[in-house]
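1. Sequence and predicted structure are below.
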Amino acid sequence: MIGVQDFVGYYAWTFEYLRRKYGEEAVRDYWHRAISLDSQRHARALIMARGFEGMAAYWGHTLAMEEAGYTFQRGAEYFRIDMFACPSQGYLDRHGLAFYHDYCEHCMGWIKPLMDDAGFVVHHEHNHRGQCYWEMQPATEASATPPPDRGPQDVRNLPPEVWAQARRHRYVAGRRVATATP
Amino acid sequence: MAAGDFYFAIDATFRHIHATYGKEALVQYWQAMAREYHRPLAERFRRGGLEEVRAYWAEYFAAEPGGDVEVRGGEKEVELVVRACPAIGWLRAAGRDIVPCYCEHCRHVSGTLAAAAGMTFALTGGDGACRQVFRLQGDTA
């Protein structure tokens, strides 16, 4: 049986299988249609119905189940997650599994379409080593620049040897922008 | 305990590949997963024999959320008596539509895995309860 305890391993392998067999666009299509629209329909229902409260309900549940290291912040015009120890990347690292060239992109692959449909924009950055932030803002009030410093919980305030230890991918208002590579 | 909601993604992945690329493509996906992703496990089974198969599945099902599975080890075979499949149970409890061919992944993944380890695999039943048997190649019941 394919179980859930080692799900992350063959999930990452699946990305590479689809890329190799059908091309990179097939991976994006998989994240959108299979994961965002189908698998994560429970997240979609919560967030589309309840906005920030739905985000807190969904990620509070799922990140606790996955025993992630993270913090939430809620402002009047934003909902934010700072991830200090991504459980999925941690699993891949502990088991020496590296199949797909950019595992971290799968989160944006399913979360962005959800947020587009729910009326939010995403500011996001990940460093491919288990640290990232997500800041969702209503599309009608969204900033066109990265979020300001959100204080000690902001992963961008981690020491450079942690936050800047590897190449980072940054999205501003849902659009990929260039970042410096160490 | 593992995050049971990952069963949603497994089910959705099967449905997506089936709907987008067809049934044969889904079977190829399962077989490739067994050959590639599970290659280290096949080697474990080949080296450790049926005792390794028994130990692996006993530990595996103990770590899955829910379900009722007994793993019986013997000299000639290892039998998995799945009285309540954890995956089917989780999906049903959540009210998810389960892709009709969901249970076939066990036949193709474990069948390919067993062959790579010098074993045979047989499965009877399905839809939440089944019996799966691993034997050394050449041994008959």
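-> Noted; the coordinates are in hand.
2. Am I right that residue A:107 is in a helix?
-> Yes: per DSSP: H, G, I helix; E, B strand; the rest coil, residue A:107 lies within a helix segment.
3. how close does it sit to residue B:70?
-> 38 Å (CB to CB, to the nearest Å). C-beta here means a position set from N, CA and C on the backbone, and glycine is covered the same way.
4. Neighbour count: those two, which is higher?
-> Comparing residue A:107 with residue B:70 by other CB atoms under 10 Å in any protein chain shown, the one with more neighbours is residue A:107, at 19 against 11.
5. Quick one, grab the pLDDT at the more buried one.
-> As summarised for this prediction, residue A:107 has a pLDDT of 96.
6. Check the one 3 residues further on too.
-> Listed pLDDT for residue A:110 reads 97.
7. Roughly how far does it sit from chain B?
-> 10 Å (CB to the nearest CB, to the nearest Å).
8. Surely that residue is in a strand?
-> No: counting by three-state DSSP, residue A:110 is not found in a strand; it is helix.
9. Contacts only, for it.
-> Contact analysis of residue A:110 by CB atoms under 8 Å, 6 or more residues apart in numbering or on different chains lists A:31, A:32, A:35, A:36, A:39, A:40.
10. How is the third one assigned, secondary-structure-wise?
-> The three-state label for residue A:35, taken from three-state DSSP, comes out as helix.
11. As TSV, the contacts of residue A:110 with distance to chain B, neighbour count and pLDDT would be great.
-> Rendered in TSV, the data for those read as follows (distance: CB to the nearest CB, whole Å; neighbours: other CB atoms under 10 Å in any protein chain shown; pLDDT from 0 to 100):
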residue	distance to chain B	neighbour count	pLDDT
A:31	10	23	98
A:32	10	17	98
A:35	6	24	97
A:36	10	23	97
A:39	4	25	97
A:40	7	23	96
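12. Residue A:4: which of those is nearest?
-> residue A:39 (12.2 Å; CB to CB).
13. what about the residue nearest to the closest one when sequence neighbours are not counted, is that helix, strand or coil?
-> With CB to CB, 6 or more residues apart in numbering or on different chains as the criterion, residue A:39 has its nearest non-adjacent residue at 3.7 Å, and that residue is residue B:12. With three-state DSSP as the basis, residue B:12 sits in helix.
14. Name the nearest residue to the residue most central in space within chain B, ignoring sequence neighbours.
-> Nearest to the mean C-alpha position of chain B, counting by CA atoms, centre = their mean, stands residue B:106 at 3.6 Å. Closest residue to residue B:106 apart from its sequence neighbours, by CB to CB, 6+ apart: residue A:1 at 5.5 Å.
15. what about that neighbour, how many residues close to it?
-> 23.
16. Quick one: residues contacting the spatially most distant residue from the centre of chain B.
-> What lies farthest from the middle of chain B is residue B:20; by CA atoms, centre = their mean that is 23.2 Å. By CB under 8 Å, 6+ apart, residue B:20 lies in contact with A:29, A:33.
17. What separation do you get for it and residue B:103?
-> 20 Å.
18. wait, residue B:119 sits on residue B:48?
-> No: using CB atoms under 8 Å, residue B:119 is not in contact with residue B:48, being 11.3 Å away.
19. Point out where the chain drops to low pLDDT.
-> I went with chain A, as the question did not name one. A:65-68, A:180-182 (pLDDT under 70).
20. sorry, should have said chain B
-> In chain B (pLDDT under 70), the answer is B:1-2, B:140-141.
21. Chain A contacts on that one?
-> Residues of chain B lying close to chain A by CB under 8 Å from any CB of the partner chain are B:2-13, B:15-16, B:20-21, B:29, B:32-33, B:36-37, B:60-61, B:63-65, B:85-87, B:94, B:105-106, B:109-110.
22. are any of the residues you listed buried, and which?
-> Buried members of the residues of chain B next to chain A, counted by 16 or more other CB atoms under 10 Å in any protein chain shown: B:2-13, B:15-16, B:20-21, B:29, B:32-33, B:37, B:60-61, B:64-65, B:85-87, B:105-106, B:109-110.
23. from the contacts of residue A:110, which is closest to residue A:100?
-> For those, the nearest to residue A:100 is residue A:31 (11.2 Å; CB to CB).
24. can you give me the strands in chain A?
-> A:69-75, A:78-85, A:120-126, A:132-138, A:169-172, A:175-177 (DSSP state E).
25. contact partners of whichever helix in chain B runs longest?
-> Criterion DSSP state H: the longest helix present in chain B is helix B:39-63. By CB under 8 Å, 6+ apart, the residues outside helix B:39-63 that reach it are A:1, A:3, A:5, B:1-2, B:34, B:67, B:69, B:71-78, B:80, B:86, B:113-114, B:116-119, B:134-136.
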